[in-house]
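**Q** No letters, just coordinates:
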C-alpha cells in the first residue's frame, strides 16, 4: 500500500469510528431496504395525520397521538441506512449529492426530527387545529431534504 | 343485498370499528410494505444486538441501548399492516392462517412486545451477559410466531 492509499484508508477508518454499529452492519442492499422501510412507515403514519387534519378521515385523538409518536420514533431511525456505499444498494431516489454535502443532509435530517416533539404535543391536545399547525412544519422539513437530496 | 349479505357487511363494519385509522388506510400493497419495512428495521437492530452478544462485533453500551430501544419501539408498529386483505398485497411469507386464528397471532405478537422492556433494561445495565439473557427470550418470541404463521 502506498502512502496515499494509507491516508485514504486512515480517513475511512476515522470516519467509520464515528458511525454506529448498526450503520457498520449495513451492506448496500441492507442500507437501502432499512432506510426505505423506516421512511415508508413514517410516511404512512404522517399520511394518517394529514388525512385527519384535512377532514378526509375522522379525527381521533388516541390514534393521532399514536401515529405522531410512531412518526417521532421512526424519525430517529433511517440515518443508519445512509452509508456512503448505499448508492450501490438497489433502487433508490437518494442522490449521490448526500455524500458531497453530508453536513447539510444531517442538518436537514436533524431539523425534521426537531419538529417531531411539537407534533406529538399538538396531537396530545386533542385539538385538530393545533395538529394541523404542527404538521405543516413537519411536512416542510421533509420537503426541505427531499427537494435537495432525492430524485423525485 | 340479501339478509345474509347484510349480516356479513354488518360484521365486517363492526370489525373495522375496532381497527386503527392507520390500519384502515392500508390497501393490500401498502399493508405488506408497511409491516415488512418495520419488521426489517426491527430485525436489523436485533441483529446488531445478536452480533454483540456473540462477540462478533464489540459490545458498546450506548449502541446496545439504542438498538434495544429502536427494537422496542418498532415492536409496536407492524400490526397495523396485518389487515385481512393483505394476502393480496404482493410477496409475503405470511400465511393466511393468521386470519383463521387471529387471536393466537395477536397473543404471540403481544408476548414478543412484552419481552422488549426487559431487553432495554438489560442493555442499560451495560452487562453483555444480561443482554444475552434478555435477547434469548426475544428471539424465542419471534420464532414462536414465525414458526406458526410464516412460510419460511
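**A** In hand now; what should we look at? On a predicted model such as this, the values are computed, not experimentally measured, just so you know.

**Q** So which bits of chain A are right by chain B?
**A** Within chain A, the residues that sit near chain B (C-beta under 8 Å from any C-beta of the partner chain) are A:20-22, A:24-26, A:30, A:33-34, A:36-41, A:44-45, A:47-48, A:51-52, A:57-58, A:60, A:63, A:66-67, A:70, A:73-74, A:76-77, A:80. The C-beta positions use only the backbone N, C-alpha and C, and glycine is treated the same way.

**Q** Let's verify the residue in chain A that chain B sits nearest to: helix, strand, or coil?
**A** Nearest residue of chain A to chain B: residue A:37, at 2.9 Å (C-beta to the nearest C-beta). Under DSSP: H, G, I helix; E, B strand; the rest coil, residue A:37 falls in the helix class.

**Q** Run a quick neighbour tally on it.
**A** Look at residue A:37: counted by other C-beta atoms under 10 Å in any protein chain shown, it has 27 neighbours.

**Q** pretty sure it contacts residue B:43?
**A** No: with contacts counted by C-beta atoms under 8 Å, residue A:37 stays clear of residue B:43, the gap being 9.7 Å.

**Q** Surely residue A:72 and residue A:118 touch.
**A** No: using C-beta under 8 Å, residue A:72 is not in contact with residue A:118, being 9.6 Å away.

**Q** With neighbour numbers in mind, choose between those two.
**A** Using other C-beta under 10 Å, the more surrounded residue of residue A:72 and residue A:118 is residue A:72, with 21 against 17.

**Q** OK, contacts around that one?
**A** A:113, A:116-117, A:119-120 (C-beta atoms under 8 Å, 6 or more residues apart in numbering or on different chains).

**Q** and if you look at residue A:66?
**A** B:20, B:22.

**Q** following the host helix or strand of it, which helix or strand shows up next?
**A** Secondary structure assignment for residue A:66, by DSSP states H and E: helix A:61-75. Next along the chain after helix A:61-75, taking DSSP H and E as the criterion, comes helix A:97-100.

**Q** Which residue is the nearest non-sequential neighbour of the residue of chain A closest to chain B?
**A** residue B:37 (2.9 Å; C-beta to C-beta, 6 or more residues apart in numbering or on different chains).

**Q** Many thanks, have a good one.
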